[in-house]
Structures are given as structure tokens and as C-alpha cells.
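Peer 1: give me coordinates for this.
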Amino acid sequence: MARVQEVRSGEWTCIYTRESGKERFEVLIVSIDSTDAVLMKMQLTPGALRKWVDEIVKRGRDSREEARQAEVN
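Peer 2: The predicted structure follows:
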């Protein structure tokens with residue numbers, strides 16, 4: 001389980017994972033803020049899970065790089 005909470009806004013997100021059969025992972029994501037709640041459940045193969053996580057990491061790195069470039073300019 002991973003949990004992230006933004007103190008100022010009160011938003012929090014929890015991610016739960018577990019094995020679901022021989023070649024699948026079940027992922028449950030819960031995200032709540034002051035006005036909305038989102039629940040997402042997925043079943044992924046190990047390769048699809050890795051690809052999904054890698055894409056999220058890449059987007060985070062790209063957005064940090066864009067912020068750095070904006071500070072320089």
C-alpha cells in the first residue's frame with residue numbers, strides 16, 4: 001500500500017496492490033478531495049503494470065523538467 005496526503009488541500013490517495021491469480025495483479029486506487037472521490041480497480045499482467053507505472057514516472061519527470069525550464073526562462 002502507498003498513501004499520499006496533501007495537507008493544505010486535504011486531498012489523499014491510497015494505492016493497494018495484490019496478486020490476483022498466477023499472472024495478474026489487482027490494483028485499487030482511491031483518491032479523495034474536499035468535493036470528489038474516485039475509485040479505480042484494474043487487473044493487470046506484470047508487464048502491463050510495469051508499463052503503466054513507467055509511464056506515470058515519465059510524466060512526473062517531464063513535468064518537473066518543464067517547471068525547471070520555466071524558472072530558467
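
Peer 1: which stretches in the chain count as strands?
Peer 2: With DSSP state E applied, the chain shows strands at 2-5, 12-19, 25-32, 37-44, listed in chain order.

Peer 1: surely residue 24 touches residue 48?
Peer 2: No: in this structure residue 24 lies outside contact range of residue 48 using C-beta atoms under 8 Å: 9.2 Å. (C-beta placed from N, C-alpha, C; glycine too.)

Peer 1: pLDDT weak spots in this protein?
Peer 2: Across the chain, not a single residue meets the criterion (pLDDT under 70).

Peer 1: reformat the strands of the chain as CSV; add mean neighbour count and distance to residue 55.
Peer 2: Below are the strands of the chain laid out as CSV (neighbours: other C-beta atoms under 10 Å; distance: least, C-beta to C-beta, whole Å):
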stretch, mean neighbour count, distance to residue 55
strand 2-5, 10, 17
strand 12-19, 13, 15
strand 25-32, 15, 14
strand 37-44, 12, 12
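
Peer 1: tell me what residue 12 is bridged to.
Peer 2: According to DSSP bridges, the residues that bridge with residue 12 are residue 5, residue 32.

Peer 1: so how far is residue 20 from residue 59?
Peer 2: Applying C-beta to C-beta, to the nearest Å, one obtains 26 Å for the distance of residue 59 from residue 20.

Peer 1: the more surrounded of the two?
Peer 2: Set side by side, residue 59 and residue 20 show more neighbours around residue 20, with 13 against 10, by other C-beta atoms under 10 Å.

Peer 1: return the residues in contact with the more buried one.
Peer 2: Shown here is residue 20, whose contacts under the criterion C-beta atoms under 8 Å, 6 or more residues apart in numbering are 26, 43.
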